[in-house]
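Undergrad: this is a predicted model, with the sequence first.
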Amino acid sequence: MNTVFTIAGQEIRDGLRNRWILALTLVLAGFALSLTFVGSAPTGQVAASPLLITIVSLSSLTIFLLPLIGLMLSFDTVVGESERGTLLLLLAYPVSRWQVMTGKFLGHVGILAFATVVGYGAAGAVAAYRGEVDAAALQAFAAMVGSSVALGAAFLALGYIVSTTVRERATAAGIAIGIWLLFVLVYDMGLLGILVASGGEISQTAFHALLLANPADAYRLFNLAGFDNVALLSGTIGMMGEAKFPPSLLIAIQLGWVVVPLGIALALFQRKEV
């Protein structure tokens with residue numbers, strides 16, 4: 001495990017040297033603070049906790065931003081080093097391929113987690129300062145931050161699959177953008193099209209299974225419908241009861257979207273010729 005942590009540490013140092021960590025933290029903090037300061041404008045003077053309003057706003061932002069960041073961090077992890085010739089040099093050392101992939105993943109997750117916790121934490125601190133905060137709101141906010149990291153990690157793993165499969169960095173970048181468009185934009189439009197085409201006759205079981213087949217939708221369900229105080233504010237109070245998705249299931253789905261793609265990437269990397 002020392003080798004894994006050494007590789008992870010090198011990825012984090014590269015992120016510091018390339019200003020990735022600083023840039024991601026500033027981007028997330030900038031968006032999060034902007035939403036926090038203007039988040040109450042549409043609702044006027046309402047008896048809603050600013051922290052809850054921030055949770056709803058950040059959950060919607062995260063679905064678009066964290067998957068893109070995860071793919072940007074990971075799409076050239078293997079193919080980029082292969083093109084530069086550093087992958088062959090790295091594998092010449094007495095390290096296993098699974099150690100290389102796992103170390104890089106942990107390093108990238110560390111970068112993503114730091115940027116998310118600091119960026120969103122700053123917004124949460126401002127929201128907490130502006131209004132009363134109870135334990136339920138703090139729990140929902142902590143769950144939102146943790147699940148945001150998990151969502152980014154899922155797309156990190158998907159990016160590793162792409163990076164391990166293709167032979168050119170430009171191809172990996174194009175496929176990564178296609179994955180982002182598919183899961184974040186096209187997928188839900190496709191679900192809406194299925195509902196319209198079927199005249200609403202699609203079974204609830206099939207529709208709910210299709211929702212869980214998208215990590216972004218699982219994240220949305222967990223954060224916007226998994227906590228009563230947030231669901232009431234976001235207008236999804238009935239979604240969880242109708243769908244019968246316990247929060248533990250949604251957490252398991254999100255973790256599954258991390259473990260399964262990472263396992264596929266590891267298997268592909270073991271067989272990859274460099």
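TA: Looks like it came in fine.

Undergrad: drop to CA atoms for contacts and neighbour counts, all remaining ones
TA: OK.

Undergrad: let me know the average pLDDT across the helix or strand containing residue 68.
TA: Using DSSP states H and E, residue 68 maps to helix 50-74. Helix 50-74 shows a mean pLDDT of 89.

Undergrad: now swap in stretch 208-215 and tell me
TA: The average of the pLDDT scores along stretch 208-215 is 86.

Undergrad: CA atoms only for it, dumped as PDB, please.
TA: Output in PDB follows, covering the C-alpha atoms of stretch 208-215 (Å, rounded to 0.1, in the frame of the first residue of the first chain):
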ATOM      1  CA  HIS A 208     -37.200   3.900 -11.600                       C
ATOM      2  CA  ALA A 209     -34.700   1.400 -12.900                       C
ATOM      3  CA  LEU A 210     -33.800   3.800 -15.700                       C
ATOM      4  CA  LEU A 211     -33.300   6.600 -13.200                       C
ATOM      5  CA  LEU A 212     -30.900   4.500 -11.100                       C
ATOM      6  CA  ALA A 213     -29.000   3.600 -14.300                       C
ATOM      7  CA  ASN A 214     -27.600   7.200 -14.300                       C
ATOM      8  CA  PRO A 215     -25.300   8.300 -11.500                       C
END
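
Undergrad: would you mark the buried spots in that stretch?
TA: By 16 or more other CA atoms under 10 Å, the buried positions in stretch 208-215 come out as 211-212, 214-215.

Undergrad: on that earlier part again, after the helix holding residue 68, heading C-terminal, what element do we hit next?
TA: Next along from helix 50-74, by DSSP H and E: helix 79-84.

Undergrad: how far is that following helix from where the chain is centred?
TA: On the basis of CA atoms, centre = their mean, to the nearest Å, helix 79-84 sits 25 Å off its chain's mean C-alpha point.

Undergrad: all set, thanks.
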